[in-house]
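Chemist: Coordinates only, no sequence provided:
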């Protein structure tokens, strides 16, 4: 395990066990060059402890590069909670988790993620101040979905301009996988722009509500990959872009908010060779990070939306760098992120 952490450049991997609260939690801190690590808290039923550890390590590393690339002064971290098989006593679990976060003395700042909510994070406030993503009532930004979605919308627009030579999205067909907070808000914004939107969710209730409210064309989750559309927007869990998917689909652009979309980083080269534009997930999905970052300075949604809109410029820069150097867009984004990290390390005398 130490060797794995060393290879990926992580600083800390911390475990917390509270038998009374039925809490088994892990926090991974990847890099704090730019500031304290920030990351989501996932509450999922993992098949094994190894799977939970890998999730924390991957997501914390992605957060480091996400923060660096979009100019946010945070490091990368991630918390995962292994969902127990027994019913959860919510208050006890989140109070214990708050103590876990507080034990790190501010090195990690927690926010909501898959399986958790604003209400969950606010319960941890009893034990720690190192949480963000709070409700408006407590001075936070509330649901980050609209800001996250606007970042994806802006990055998607840059991809469409590159692929089709037009900044207008009117008439563009987009297939959205996942209709959670981000997917729903993205679908709404795309419909306003005149797009034809196909969508799915494993939760049929979400699909029905979104279809009726937004006028979406709902498809079976297993058939979303076969939709005749220019853009595929994965907004659920990661790992969906694999070799089978690439062989099966006919999309020109992949641009969505899901983390770690590529089952293997080398698939970025496969997509490039096929002429498919891939918007690196840790860049195009940075709107949520931008949203909680704004809480630190006093939340203003208009400012957060404006900053998320600049993801258009960042994706455009990455696409141009990729074309100039011949490297896949994922690698181009990593290079740009590392450049900022290295500059800060030199200023701080770390290298």
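Modeler: Thanks, I have the structure now. Please read all numbers here as calculations on a predicted model, not as lab measurements.
Chemist: can you count the residues close to residue 349?
Modeler: Per other Cβ atoms under 10 Å, the neighbour tally for residue 349 reads 6. In this view, the C-beta of every residue, glycine as well, is placed from N, C-alpha and C.
Chemist: give me the element it is part of.
Modeler: Using DSSP states H and E, residue 349 is not contained in any helix or strand.
Chemist: That one: what's it in contact with?
Modeler: By Cβ atoms under 8 Å, 6 or more residues apart in numbering, the contact set of residue 349 is empty.
Chemist: now swap in residue 252 and tell me
Modeler: Per Cβ under 8 Å, 6+ apart, neighbours of residue 252: 163-164, 230-231, 275-277.
Chemist: Could you pull up phi and psi at it?
Modeler: phi -90, psi -20 (degrees, to the nearest 10).
Chemist: I figured residue 191 hits residue 198, correct?
Modeler: No: taking contacts as Cβ atoms under 8 Å, residue 191 lies outside contact range of residue 198: 11.6 Å.
Chemist: returning to that earlier point: so which pair among the contacts of residue 252 is furthest apart in space?
Modeler: 231 and 275 (14.3 Å; Cβ to Cβ).
Chemist: which one of those two has more residues nearby?
Modeler: Applying other Cβ under 10 Å to residue 231 and residue 275 shows that residue 231 carries more neighbours, namely 27 against 8.
Chemist: just checking, the more buried one touches residue 159?
Modeler: Yes: counting by Cβ under 8 Å, residue 231 touches residue 159, with 7.4 Å between them.
Chemist: what's the host helix or strand of residue 58 packed up against?
Modeler: Applying DSSP H and E as the criterion places residue 58 in helix 49-69. Contact analysis of helix 49-69 by 3 or more Cβ pairs under 8 Å, 6 or more residues apart in numbering; DSSP states H and E lists helix 2-8, strand 12-18, strand 23-31, strand 37-44, strand 75-82, helix 281-284, helix 287-296, helix 329-347 as its packing neighbours.
Chemist: What helices and strands are in contact with the fourth one?
Modeler: The reference is to strand 37-44. strand 23-31, helix 49-69, strand 75-82, strand 108-112, helix 118-124, helix 287-296.
Chemist: quick one: average pLDDT of that strand?
Modeler: Strand 37-44 shows a mean pLDDT of 96.
Chemist: quick one on the thing from earlier: make CSV from the helices and strands packed on helix 49-69 and add mean neighbour count to it.
Modeler: Shown next, in CSV, are the helices and strands packed on helix 49-69 (neighbours: other Cβ atoms under 10 Å):
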stretch, mean neighbour count
helix 2-8, 11
strand 12-18, 15
strand 23-31, 24
strand 37-44, 25
strand 75-82, 27
helix 281-284, 28
helix 287-296, 25
helix 329-347, 18
